[in-house]
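**Student:** Build the 3D model from these lines:
(chains A and B)
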Amino acid sequence: MRATVPAVLALLLAATVAAAGDDALLPPSGFAGGWTRDGQAKVFPASSLYNHIDGGAEIFLELGFEEATVQRYARAADEIVVECYRMRDAEAAQAIYLDKCGAETPSPGFGERHTAGRYQLLFVRDRYFVIVNNPPGTPAVAPVLVEFARAIAGRLAPGGNVRTFDVLPRAGIVPGSLRLIRGSVGLQEIATLGDGDILRLGGTLTAAAARYTGGATGDRTLVVVVYPSEAEAAAAFRHLADHLDPEIRLLTATERRLVFASYDGTFGVAARTGTRLELTLRLKAPLAPE
Amino acid sequence: MDRSLNLDRREFVKAASACSAVVSGLVLGVPAFGEQQERPAEVETNILDFMKVPKGKFALPGPFPGRVVKVTDPRSLAGDAVDAKVVRGMLERGLRKLTGDSMKKSFARLFTPDDVVGLKVNPVGAPLICTKPELVEAVIGWLVGGGIPKGNIVIWDRFDYMLKAAGFTAGRFPGVRIEGLQTMDEQGNAWRDAGGRHVSAANFDTEAYYFAKGVLGKGVRGYKDDESYLNQHVFAGEYSYFGKLVTRKLTKIVNLAAYKNTGNGISMATKNLGFGSICNTGRLHAPLFFRVNTEVLAAPWVRDKLVLNITDGLRGQYEDGPDKNEKFVYPNHALYLATDPFALDMVCHRELVAKRKAMGIAVNEHPKYTEYLFYGEKLGLGVATPEKITLVRA
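**Tutor:** All right, here's what the predicted structure looks like:
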């Protein structure tokens, strides 16, 4: 009996930790001039993210979502709601941030990559994507969002550089157009090339995308995936070729290059070189054959 | 006059195929290199059963097919605050333009004093981007002025807790009924009653359903297990039951959607009712998504009761909808009115696409994002062809 007590305690502790989610990241009651935690933090694992996000959870899940911890704070009639989304890795956190930040409007005095408004402050650090909400948009509360963000960021590990964008050429990128994609939901935001996971990213491989302006080929969107092996790149290319959306008209096809006319009157090219698959989309005219 | 549409199965499949969605899991053989595949077969639903039922007197698209009125007033928003008086004026101008009649006659065209009227709001994204209580108050004022008792007016959405969060409370709307079709437990298992059934199961009409063959609420991505699915969706089989509120209590519906995007499409009039009238919707997103907007509106319980659609575009959200994101919310100062929800959504879709482009978004304009509206036209529920739509500004 005595031996089972520590085991039971350990189990209870584990259960408490599990229920608390990332509670340790959250400022305590009394923070920033008297903000009090209003009830316990709610924890949403991937299995119940739809209970928290009604419309829009799919992109989190596709990118690699682990758990959300949501805590409401109150001070007199005012309220702040903190949502901490723990993603599988820093790349996933960066991806979801880029998807939601729009044209960034940073607040002076907060060093993390972020965008701040009166209702919401969004920031990313390490594998966390965090939203600090001022639900009614109370002007006097807006400056406090930064204080909350700073406190939470201070409890997070430093984030490493996300290198996925290195596969993209830098010249001509349209500001704010960088995206990271791990499946069909993310790709659909840019183009519909076919049903399902047409690039065979599987939620683990990451494509980098950006819009470009100018240059010899003119305005275009570039999507680049580097696969672990040439065989996987070849299989993905083949899958794309065989399952192109019926609204896309194939103009030429070889073992390594597809040229097509898209449903919106633009043109596209899919080209494979070794482990690299490169899609050039939204071209005003088809590229000349290689 | 029987205004039902006589589609045989072949014609239906053709129409539904035009409204194609992502359908997976069918092996069609291995094509030669670069040989594009045909679309997989469509999911079989009970749309033909809906279409066999003769249309009622008030059936879609109502007395004004293809007619959409946009009322704009920059005074409708002062910062965050909605000016209720201005909104009341906008509603009146919109109704007069839509019907060509006074408020009283407009009422008489669409309602009788003994109607039980459901006001379907969209509370998702409150308070930034949702149906504004001020608009709902204005509509209630019009209905009460026409002789409908407050107790016969029901503000309604799928989930009860969202209504409360968006300000649709008894305190704000005294005498008006406020009903969620179901409750949902954000955490835990309080959603089960002593008998093990979902506490909201009795709210749904098992004799009135949207059927999608082989599409089950089991193992749906994003849910830990079928238990967590049931919590949110009440049932999990091939049937999405309509709320009893819709099938048995309401005699008329006024659809009060918000003005926002969902991905490359919109989440406005047809989606507000398409996904807001039934349960067990999580299963439908991946294989059917926009098609649900059309087919649920074709069901007699909606089609024959939905007499007016007003999309609340006082604010709009052009990206990252349907939930709120401040970065993409903007003052739009407009209400959009129509008896025809398909024409209304087409107008709003095109307008929102233009806004997205103006804001620098490279919009994916794949036809699938509007095919469901043309499908509605094919079914005789409305008008989607832009050249056939009349947009009146007021």
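**Student:** List the contacts of the most centrally placed residue in chain A.
**Tutor:** For chain A, the residue nearest the mean C-alpha position is A:Ile96 (1.8 Å; C-alpha atoms, centre = their mean). Taking C-beta atoms under 8 Å, 6 or more residues apart in numbering or on different chains, we find A:Ile96 in contact with A:Ile59, A:Phe60, A:Leu63, A:Tyr85, A:Met87, A:Val124, A:Phe129. Placement of C-beta: from N, CA and C, glycine included.
**Student:** now swap in A:Ala233 and tell me
**Tutor:** Neighbours of A:Ala233 in contact, by C-beta under 8 Å, 6+ apart: A:Val225, A:Val226, A:Tyr227, A:Arg272, A:Gly274, A:Thr275, A:Arg276, A:Leu277.
**Student:** Return the list of strands paired to the helix or strand encompassing the fourth one, each annotated with direction.
**Tutor:** Assessed by DSSP states H and E, A:Arg272 sits inside strand A:267-273. In the sheet, strand A:267-273 lines up against strand A:257-261 (antiparallel), strand A:276-283 (antiparallel) (DSSP bridges).
**Student:** Adding mean neighbour count, write those out as a markdown table.
**Tutor:** Listed next are the strands paired with strand A:267-273 as a markdown table, based on neighbours: other C-beta atoms under 10 Å in any protein chain shown:
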| stretch | mean neighbour count |
| --- | --- |
| strand A:257-261 | 20 |
| strand A:276-283 | 20 |
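**Student:** tell me the SS of the residue nearest to the centre of chain A?
**Tutor:** Here A:Ile96 is recorded as helix under DSSP: H, G, I helix; E, B strand; the rest coil.
**Student:** can I assume B:Trp301 is in contact with B:Ala208?
**Tutor:** Yes. Counting by C-beta atoms under 8 Å, B:Trp301 does reach B:Ala208; the two are 5.7 Å apart.
**Student:** Point out where chain A drops to low pLDDT.
**Tutor:** Residues of chain A that meet the criterion pLDDT under 70 lie in A:1-20, A:288-290.
**Student:** no, scratch that, I was asking about chain B
**Tutor:** If you take pLDDT under 70 as the line, chain B has these spans: B:1-41, B:186-188.
**Student:** Do a quick rundown of the helices in it.
**Tutor:** Counting by DSSP state H, the segments of chain B that form helices are B:9-18, B:47-52, B:84-99, B:103-110, B:133-145, B:160-165, B:226-233, B:244, B:269-274, B:290-298, B:300-303, B:341-358, B:371-378.
**Student:** And for A:Thr252, the neighbour number?
**Tutor:** 12 (other C-beta atoms under 10 Å in any protein chain shown).
**Student:** Quick check: beta-bridge partners of B:Leu308?
**Tutor:** In this structure, B:Leu308 bridges to B:Val254 when assessed by DSSP bridges.
**Student:** from memory it sits against B:Leu256, does it?
**Tutor:** No. Look at B:Leu308 against B:Leu256 with C-beta under 8 Å: they stay out of range, at 9.1 Å.
**Student:** Show me what residue of chain B gets nearest to chain A.
**Tutor:** Distances between chain B and chain A by C-beta to the nearest C-beta are smallest at B:Lys224, namely 2.5 Å.
**Student:** Without its sequence neighbours, what residue ends up closest to B:Leu250?
**Tutor:** B:Gly118 (4.1 Å; C-beta to C-beta, 6 or more residues apart in numbering or on different chains).
**Student:** That neighbour and B:Lys252 touch, don't they?
**Tutor:** Yes. Counting by C-beta under 8 Å, B:Gly118 touches B:Lys252, with 7.3 Å between them.
**Student:** show me the contacts for B:Ser76.
**Tutor:** B:Ser76 neighbours (C-beta under 8 Å, 6+ apart): B:Val82, B:Asp83, B:Val86, B:Val87, B:Met90, B:Leu314, B:His333.
**Student:** Closest one of those residues to B:Lys105?
**Tutor:** B:Met90 (18.6 Å; C-beta to C-beta).
**Student:** who's in contact with the closest residue to that closest one other than its chain neighbours?
**Tutor:** In this structure, B:Met90 finds its nearest non-sequential neighbour in B:Val71, 4.5 Å apart by C-beta to C-beta, 6+ apart. By C-beta under 8 Å, 6+ apart, the contact list for B:Val71 reads B:Met90, B:Leu91, B:Arg93, B:Gly94, B:Lys97, B:Ala334, B:Leu335, B:Tyr336, B:Leu337, B:Arg393, B:Ala394.
**Student:** Next, the contact list for the fifth one, please.
**Tutor:** Residues in contact with B:Lys97 (C-beta under 8 Å, 6+ apart) are B:Val69, B:Val71, B:Leu337, B:Val392, B:Ala394.
**Student:** Would you map the helices across the stretch 1-150 of chain A?
**Tutor:** Residue ranges of the helices in the stretch 1-150 of chain A, as given by DSSP state H, counting those that start in this stretch, are A:4-20, A:31-34, A:49-52, A:57-63, A:90-100, A:142-153.
**Student:** If we ignore the residues flanking it in sequence, what's nearest B:Asp193?
**Tutor:** Distances taken as C-beta to C-beta, 6+ apart put B:Val199 closest to B:Asp193, at 4.9 Å, once the chain neighbours are dropped.
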